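In: the sequence and its predicted three-dimensional model are supplied below.
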Amino acid sequence: MARRNMKRLNFINGSLLGRKRVVTEQIHLEETEEQGQSEVDVININMLPETETVCDREEVIRDCQELFDKFAGEAHDLMADFHERYLLWAFSDMLPPQMKALEASQPWIIYWIANSLKVMCPGSLTTDTQRRICQKLLKIAEPDGLFAGGQGQLPNLLCTYASIAALALCDNVDDCWEQIDRKAIYNWLMKLKTPDGGFRTCLEVGECDTRGIYCALAVAQMLQIMTSELCQNVKFFLIRCQTYEGGFGACPQGDEAHGGYTFCAVASLAILNEIPVMNIEQLMEWCSARQYNEEKGLSGRSNKLVDGCYSYWIGATSAILEAHGYGDCINKPQLREYILKCCQSSGRPGLRDKPGKSPDFYHTNYIALGLSITEYSFEAKKGPDALVNSSRILRTPETDLQPINPVFGLPSKDLADIIIFNKDRL
Ligand SMILES: CC(C)=CCC/C(C)=C/CC/C(C)=C/COP(=O)(O)OP(=O)(O)O
Ligand SMILES: [Zn+2]
């Protein structure tokens with residue numbers, strides 16, 4: 001066999017329409033060592049071009065491999081008590097000044113912390129903390145019953161989802177669920193609705209993409225204010241967001257498939273009970289391609305790096321498909337290994353995107369949800385509420401995680417409780 005001499009072609013750095021040169025194919029002549037014959041070796045143009053991300057990925061693979069070697073053969077558990085301290089601190093102390101940037105996302109911070117506690121350390125969200133959460137969120141909703149990022153801010157759909165999800169975690173303390181103004185929220189959702197089936201994130205100036213649809217439908221389902229008028233055309237908007245790759249972009253036609261927007265689209269179709277309208281085979285292939293052999297974790301889009309938060313955005317998408325009878329498209333034990341060995345460190349509490357990154361509340365929540373997904377199998381319940389049965393497939397006595405509903409990002413019990421409560425209010 002001739003020794004192959006593969007040479008990397010320089011990636012053509014320019015837009016397709018800007019390229020005016022004639023395409024040339026380079027060939028390389030080489031003497032084979034054994035036979036002394038000349039052989040033509042065509043350069044493989046399918047080789048990965050050397051981009052910044054390709055180099056970054058090599059570093060990520062090295063970092064992960066180091067941790068896999070370090071913990072080889074060890075059952076590496078979740079350090080739940082350690083992470084609990086980080087989460088409880090956030091509810092009792094001043095947040096660091098750099099978190100000022102999240103001034104318009106206060107319900108999100110509350111949801112991420114409270115949900116992480118409920119999933120990883122059940123019992124640690126005390127009645128007193130639940131009371132403080134409700135008082136804070138219901139204060140933001142004054143005087144019109146609509147939720148925003150903070151007091152005095154414009155009502156916002158994404159913050160409304162985060163607020164209702166956080167309230168769902170409060171076990172109806174002090175009858176707080178009674179104080180959610182479902183009528184005001186329904187009327188406002190109808191005003192946010194666009195004729196093509198989308199939802200704006202806020203009146204007049206809000207953007208319109210799959211996140212808005214997901215937040216509107218999830219809120220409507222949790223509050224039991226779902227109507228056919230609210231759902232009109234929504235599935236057509238979503239169908240148009242599925243790209244040639246199989247994942248979903250933010251908006252119809254043209255956006256790149258991305259894990260976050262794919263979750264929003266697939267979870268929305270689950271709420272609408274319309275899972276079969278998408279191209280399931282392509283979606284499953286795309287989800288599987290998000291998991292990399294070397295790092296074992298999930299990326300959010302083609303040729304990008306693994307990140308712990310996709311353990312939920314892609315992990316939940318896969319769990320929803322599994323619940324609807326399509327089988328697993330990710331490898332749960334491998335994902336578990338990435339999470340437990342690469343997304344936590346005994347040096348600093350909280351969960352992180354990847355080795356070398358700092359933990360934060362967002363990643364702690366979505367990685368905890370992803371880890372829970374790896375411990376259960378899923379089956380959709382019959383009926384209109386997008387409820388899901390989960391059965392434990394793994395027993396880790398020290399750190400059993402709560403089963404979650406992959407559609408709503410909440411522990412199954414909290415979700416069922418708020419839905420049942422609101423059903424009775426009809
Ligand atoms: C319910 C709700 C509102 C859900 C939102 C879902 C959503 C859009 C998540 C995206 C999260 C994320 C890591 C974006 C970063 O993109 P990037 O381009 O920085 O990261 P990448 O390199 O991994 O693509
Ligand atoms: Zn992330």
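Out: Looks like it arrived, so ask away. Numbers count the residues shown, from 1 in each chain. Ligands and ions are numbered 1, 2, ... in the order given.

In: show me the contacts for the closest residue to ligand 2 within the stretch 101-250 of the chain.
Out: In the stretch 101-250 of the chain, the residue that lies nearest ligand 2 is Trp112 (12.1 Å; CB to the ion). Every residue, glycine included, has its C-beta placed from N, CA and C. Counting by CB atoms under 8 Å, 6 or more residues apart in numbering, Trp112 touches Phe361, Tyr362, Thr364, Asn365.

In: need the pLDDT of it.
Out: Looking at Trp112, its pLDDT reads 98.

In: residues near Glu59, how many?
Out: 13 (other CB atoms under 10 Å).

In: no, scratch that, I was asking about Cys231
Out: 20.

In: on that earlier part again, may I have the secondary structure class of the residue of the stretch 101-250 of the chain closest to ligand 2?
Out: Classification of Trp112 by DSSP: H, G, I helix; E, B strand; the rest coil places it in helix.

In: how near is it to Ala101?
Out: Distance of Trp112 to Ala101, given as CB to CB, to the nearest Å: 15 Å.

In: kindly report the same for Tyr214.
Out: With distances taken as CB to CB, Tyr214 is found 24 Å from Ala101.

In: which one of the two has more residues nearby?
Out: Between Tyr214 and Ala101, Tyr214 has the larger neighbour count (other CB under 10 Å), namely 28 against 8.

In: Thr396: what's it in contact with?
Out: Counted by CB under 8 Å, 6+ apart, Thr396 has contacts Ala75, Asp77, Leu78, Glu375.

In: now, of those residues, which are buried?
Out: If you count burial by 16 or more other CB atoms under 10 Å, the buried members of these come out as Leu78, Glu375.

In: can I get the contacts of Thr396 in TSV with distance to Cys309 and pLDDT?
Out: As requested, the contacts of Thr396 are exported to TSV (distance: CB to CB, whole Å; pLDDT from 0 to 100):
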residue	distance to Cys309	pLDDT
Ala75	24	76
Asp77	21	92
Leu78	16	95
Glu375	18	95
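
In: give the contact list for Cys159.
Out: Counting by CB under 8 Å, 6+ apart, Cys159 makes contact with Ala104, Ser105, Gln106, Pro107, Trp108, Phe147, Ala148, Gly149.

In: let's verify it: helix, strand, or coil?
Out: Assignment for Cys159 (three-state DSSP): helix.

In: state the pLDDT value of it.
Out: 98.

In: how about stretch 261-279: buried residues?
Out: 261-272, 275, 278.

In: of all the contacts of Trp112, which two lie farthest apart?
Out: Tyr362 and Thr364 (7.3 Å; CB to CB).

In: settle it for me: which of the two has more neighbours?
Out: Between Tyr362 and Thr364, Thr364 has the larger neighbour count (other CB under 10 Å), namely 29 against 19.

In: surely that one meets Phe82?
Out: No - taking CB atoms under 8 Å as the definition, Thr364 is not a contact partner of Phe82, at 11.4 Å.

In: phi, psi of the residue in the stretch 301-426 of the chain positioned nearest to ligand 2?
Out: The minimum distance from the stretch 301-426 of the chain to ligand 2, using CB to the ion, falls at Cys309 (3.3 Å). In terms of degrees, to the nearest 10, the main-chain angles of Cys309 are phi -70, psi -20.

In: residues touching it, list them.
Out: With CB under 8 Å, 6+ apart, Cys309 has these contacts: Asp353, Tyr362, His363, Tyr366, Ile367, Gly370.

In: I'd guessed the last one sits against Gly308; true?
Out: Meaning Gly370. Yes - under the contact definition of CB under 8 Å, Gly370 touches Gly308, with a separation of 7.2 Å.

In: compare those two (neighbour count), which wins?
Out: Neighbours per residue, other CB under 10 Å: of Gly370 and Gly308, the larger number sits with Gly370, 32 against 28.

In: what's the separation between the more buried one and Leu394?
Out: In this view, Gly370 and Leu394 are 14 Å apart by CB to CB.

In: before we move on, what about Ser302?
Out: 30 Å.

In: same check, this time on Met94
Out: Taken as CB to CB, the span from Met94 to Leu394 is 38 Å.

In: more neighbours, those two?
Out: Leu394 (13 against 7).

In: measure that one to Leu189 for me?
Out: Distance, Leu394 to Leu189, by CB to CB: 38 Å.

In: burial count for the nearest residue to Gly249 once chain neighbours are set aside?
Out: By the measure of CB to CB, 6 or more residues apart in numbering, the closest residue to Gly249 outside its immediate chain neighbours is Asp255, 2.7 Å from it. If you count neighbours by other CB under 10 Å, Asp255 ends up with 15.
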